[in-house]
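> curious how this folds, go ahead:
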Amino acid sequence: MTNSRIAILTGHSLLADGIISRLREYPESLELRVFDNNEPNVIADIETFHPLAVILEESESQQIEQHSLKQLLNILPSLIIIYLRLGQSRIQIIQSEQYPANGVRELVDIIQQSKDHFSYILTDTARGLSVDHVVG
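Numbers count the residues shown, from 1 in each chain. Purely as a prediction, here's the structure:
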C-alpha cells in the first residue's frame with residue numbers, strides 16, 4: 001500500500017506541532033512533509049512534493065494569500081486543502097473538481113449532484129484523534 005503524501009503548511013504554532021506529532025504516529029499510511037509558510041518558495045516546494053492534501057491551521061491560512069491556494073489547485077487539480085479549525089473542533093475540506101460543461105444544463109446537473117455537503121468533526125481523545133463526518 002502506498003502512503004498518502006500530506007503537506008503540512010505551518011508557522012510552527014504549538015497546535016500545529018501537536019497535530020504533526022500525532023499524524024507521525026501513522027507512518028504506514030501517511031508520508032508527511034512540513035513546509036514553513038514564511039519561506040519564499042513554499043508553493044513551488046509543495047508542487048515538487050506533489051501531495052494528495054495540504055493541511056493548514058486556520059490561523060495560518062490567513063497568512064497565505066488566496067492567490068497561492070488557487071495556484072496550488074491549478075497546478076495540482078486533485079489536491080485536497082484541509083483547514084484545521086481547532087477552536088471549533090472542525091475540519092474544513094476544500095477539493096477542486098473539474099467537469100466538462102458545454103451549457104447551463106450540465107451546470108445544473110453538477111450543482112444537483114454536489115448538493116450534499118459533509119462536515120468533519122475532529123475530536124482529540126485519549127486514544128488519539130477521531131474524525132467523524134456529518135451529512136448536512
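> please count neighbours and contacts with C-alpha atoms only from this point.
OK.
> can you show me the strands along this protein?
Counting by DSSP state E, one finds strands in the chain at the ranges 4-10, 30-36, 53-57, 80-85, 90-95, 118-125, 128-135.
> next, the angle from the second one to strand 53-57.
Think strand 30-36. Per axes from the mean of the first three to the mean of the last three Cα atoms, to 10 degrees, the angle that strand 30-36 makes with strand 53-57 is 50 degrees.
> what pairs with strand 30-36, parallel or antiparallel?
Take DSSP bridges as the rule and strand 30-36 pairs in its sheet with strand 4-10 (parallel).
> so what pairs up with V54 in the strands?
For V54, the beta-bridge partners are A7, I81 (DSSP bridges).
> mind pulling up the pLDDT for it?
Predicted confidence (pLDDT) at V54: the value is 92.
> quick one, what contacts it?
Contact analysis of V54 by Cα atoms under 8 Å, 6 or more residues apart in numbering lists I6, A7, I8, L9, L79, I80, I81, I82.
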